[in-house]
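Trainee: Any chance you can model this:
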Amino acid sequence: MHAVVHVGLAKTGTTTIQRLSIDLKESLKLDGFEMPWSVKIREEEYWQLGDGPLPQMKIFAHCFHPVKEKFQLNEATYTVKKVQYECESDILHYGSDIAARNQSIFLSSENFAHINETGIEELSEYLSQWSKQTIIVFYRRYYDWITSLYRQHTKTRALKDTRKWERSILDFASRVIKQVPKNYISELQSRLEKKFDNIIVMNFHDLSKAGPHETLFCDKTLNMTHACEEIQNEDDVPHENKGVTNLDYFDLVYGAMKAGLIKIDSDKKMHQVATKVQDYHQSMLNNTALKRVCPPQADLDMLLNVSLTFELKYFPGQVDSLESDFKKQATTKLCKVDVDQTLKKKEWGDFFRSITNSSNNISSNIACKWSPGQNDKCITLISKRIEPSLQRRWLFFGDSTVFRLFNSSSLPEVLVHSPLEKINQQCYHYSQLECHQKKGERCKLNDLFGFHYRDHWVPHNESGLNFIGPRNYGASNPYCTDCSECFSDFLQYTLKGNASSYGSCDRSKNGLVYGGYIHMEYARDIEIQTPEFLTTQENLAAYISRVWNTPNLIQEWRRPVCVVSAGLHDATIKDISTPDYAKNIKFMLDKFTPVC
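Mentor: I've put the predicted structure just below:
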């Protein structure tokens with residue numbers, strides 16, 4: 001019997017490993033491993049945690065160290081709340097039951113990294129129920145780890161917590177240079193070695209693996225062969241805790257608020273404005289580098305020396321790559337944005353003033369319910385959101401519901417007919433744009449976008465993909481849709497011939513708005529297939545990237561706003577599970593996010 005305990009560190013892919021262990025439950029059972037995640041946790045005592053396995057992993061670890069309070073960010077409501085984890089004794093009994101049945105156990109929680117000497121002794125005694133114990137701990141470069149840790153802690157700052165807003169990465173780095181935190185690998189390993197003989201240190205930076213999850217589950221000494229095989233056969237493993245909007249943008253908003261450029265009265269509004277700042281910086285300013293304030297050279301030298309010491313101890317063969325990476329981070333992640341200098345620039349001052357002028361739109365409720373007989377509220381809301389001063393290209397993707405909403409509103413006139421008339425009739429001789437209205441049919445979908453057809457249409461059973469569309473008419477009629485009443489209707493602009501600039505009529509500042517509706521029923525389907533991509537979503541994203549996001553069009557209009565409503569049809573696919581449905585949604589978002 002084998003007890004494998006993954007103790008972190010935090011910020012080394014721990015949440016991804018934990019969520020994967022839930023998905024790999026059956027494969028791990030085939031490998032002889034079980035997990036004690038079946039105890040119902042009282043929801044009222046554990047805010048926003050629910051009854052799932054992930055919080056139980058945390059609670060299990062807390063059975064071996066004192067009750068600890070922490071702050072958590074609810075990213076759905078943008079609120080921060082203090083939570084408290086306690087030991088639930090039943091979960092320990094369930095683990096003991098695994099041992100009584102002569103099964104191995106797999107445990108994972110970064111909270112183990114906070115256990116003191118007494119807790120480690122108690123953990124050792126508990127794990128003695130298994131004949132073999134293995135402790136897994138991941139190594140992450142010290143400077144890289146502290147920047148990630150700082151961002152994790154800082155993203156939970158509430159507006160009223162001025163201490164966290166005033167403290168920067170410079171302050172944090174200066175402190176941890178002088179004293180290594182007790183939950184870093186060197187300190188943690190020192191405590192663990194007093195009671196455990198078999199400690200495996202794994203490399204967070206191992207580029208030969210898809211990530212820490214593959215490094216752990218495919219380690220040959222653990223004999224998790226079925227779990228490893230399932231991971232390696234996965235097309236795309238979702239990585240958790242990818243982070244929220246860049247903290248630089250939050251710092252700019254906070255600085256603008258202090259300078260009186262904008263009024264922020266809630267955490268929710270702080271997040272909304274920070275998202276707008278990010279969009280403005282990336283789309284309108286082309287991601288121009290922000291001026292930064294970096295640590296003093298003495299602090300950088302000390303941090304590099306500490307990091308090199310740990311690198312030489314754990315993985316000396318990768319020292320050269322550390323030095324080059326540190327040099328890059330010394331001017332980026334280890335620095336803070338120079339808020340004062342940035343806000344003095346005209347483009348940023350003007351931007352925040354424009355945000356203030358439209359603050360009612362930022363804080364307004366943008367939710368509505370639509371039905372064929374009651375669509376006025378949604379139509380009014382969408383019309384107000386299409387503001388020429390903020391964004392000038394809109395694409396609506398969805399099934400017949402979106403098609404009906406689009407057609408029953410003024411959107412076809414605003415996004416298709418009016419701009420088409422303006423370019424082709426009112427100022428044709430002055431325009432450098434070629435403007436084409438694209439109208440689709442139920443079949444021959446590739447023709448609409450100028451896509452080549454595949455030599456061989458790939459049906460479901462040959463695609464290698466599970467739980468995808470189409471499922472009805474489109475499944476037996478190549479390059480056709482399931483939907484009989486979802487006809488794409490949009491405007492496509494390109495520059496004429498060798499033109500390299502716009503005419504006087506073409507400028508977005510003149511209020512030229514365009515876009516339209518593009519049919520897409522599923523979050524993942526194979527209705528549109530090309531020699532390059534098998535799925536509709538990949539092909540549509542490539543079309544937007546190559547036709548809508550050319551350098552000239554991006555400079556003038558920015559990336560289009562994509563209003564996407566897909567997923568209802570995926571939910572009707574027979575035997576689809578919640579994780580499979582979530583994979584389809586994530587697949588769609590991963591394809592559209594970079595181009596919209």
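
Trainee: For the rest of this, base every contact and every neighbour count on C-alpha atoms.
Mentor: OK.

Trainee: burial of the nearest residue in space to I576 that is not next to it in sequence, as a residue count?
Mentor: Among residues not flanking I576 along the chain, F467 sits closest, at 6.1 Å (C-alpha to C-alpha, 6 or more residues apart in numbering). A count of nearby residues for F467, using other C-alpha atoms under 10 Å, gives 21.

Trainee: Likewise for the one 5 residues further on?
Mentor: A count of nearby residues for N472, using other C-alpha under 10 Å, gives 11.

Trainee: same question, G474
Mentor: For G474, the neighbour count with other C-alpha under 10 Å is 22.

Trainee: who's in contact with the helix or strand hosting E230?
Mentor: Here E230 is covered by helix 225-232, with elements defined by DSSP states H and E. Contacts to helix 225-232, defined as C-alpha atoms under 8 Å, 6 or more residues apart in numbering, come from residues L24, S27, L28, L30, D31, E214, F217, C218, V237.

Trainee: What subset of those residues is buried?
Mentor: Among the contacts of helix 225-232, those scoring as buried are L24, S27, L28, D31, E214, F217, C218 (criterion: 16 or more other C-alpha atoms under 10 Å).

Trainee: domain parsing for this protein?
Mentor: As assigned by automatic domain parsing, the chain contains the domains 2-142+179-232, 367-592.

Trainee: quick one: pLDDT of L261?
Mentor: According to the prediction, L261 has pLDDT 89.

Trainee: which ones are touching it?
Mentor: Applying C-alpha under 8 Å, 6+ apart, the residues near L261 are G349, F352, R353, T356.

Trainee: between the residues you listed, which is nearest T118?
Mentor: Of all the contacts of L261, T118 sits closest to F352, with 52.9 Å by C-alpha to C-alpha.

Trainee: Check what pLDDT the closest one gets.
Mentor: Turning to F352, the model gives it a pLDDT of 87.

Trainee: quick one: contacts for it?
Mentor: Neighbours of F352 in contact, by C-alpha under 8 Å, 6+ apart: A256, L261, I262.

Trainee: Is it within a helix or a strand, and which one?
Mentor: Assessed by DSSP H and E, F352 sits inside helix 346-357.

Trainee: now do M302
Mentor: Assigned by DSSP H and E, M302 belongs to helix 297-314.

Trainee: so how far is that helix from its chain's centroid?
Mentor: In terms of C-alpha atoms, centre = their mean, to the nearest Å, the gap separating the centre of helix 297-314 from the centre of its chain is 31 Å.

Trainee: contact partners of that helix?
Mentor: Helix 297-314 has contacts (C-alpha under 8 Å, 6+ apart) with 139, 141-143, 174, 177, 186, 201, 318-319, 322-323, 326, 330.

Trainee: Select from the residues you listed the one having the most neighbours.
Mentor: Y143 (25 neighbours).

Trainee: Kindly provide the distance from it to Q329.
Mentor: Y143 sits at a distance of 9 Å from Q329 (criterion: C-alpha to C-alpha, to the nearest Å).

Trainee: Flag the shaky bits of the stretch 351-500 of the chain, pLDDT-wise.
Mentor: For the stretch 351-500 of the chain, the stretches flagged by pLDDT under 70 are 357-377, 379-391, 423-433, 495-500.

Trainee: So which residues of it form strands?
Mentor: Ranges of strands within the stretch 351-500 of the chain are 393-398, 433-439, 489-495, based on DSSP state E, counting those that start in this stretch.

Trainee: can you list those strands in TSV and add mean neighbour count and distance to D197?
Mentor: TSV is the format used below for these (neighbours: other C-alpha atoms under 10 Å; distance: least, C-alpha to C-alpha, whole Å):
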stretch	mean neighbour count	distance to D197
strand 393-398	22	57
strand 433-439	17	68
strand 489-495	20	66
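
Trainee: Need those in TSV (columns: distance to G516).
Mentor: Formatted as TSV, the strands of the stretch 351-500 of the chain follow (distance: least, C-alpha to C-alpha, whole Å):
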stretch	distance to G516
strand 393-398	5
strand 433-439	9
strand 489-495	4
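
Trainee: Tell me which of these sits nearest to S208.
Mentor: Among the strands of the stretch 351-500 of the chain, the nearest to S208 by C-alpha to C-alpha is strand 393-398 (38.0 Å).
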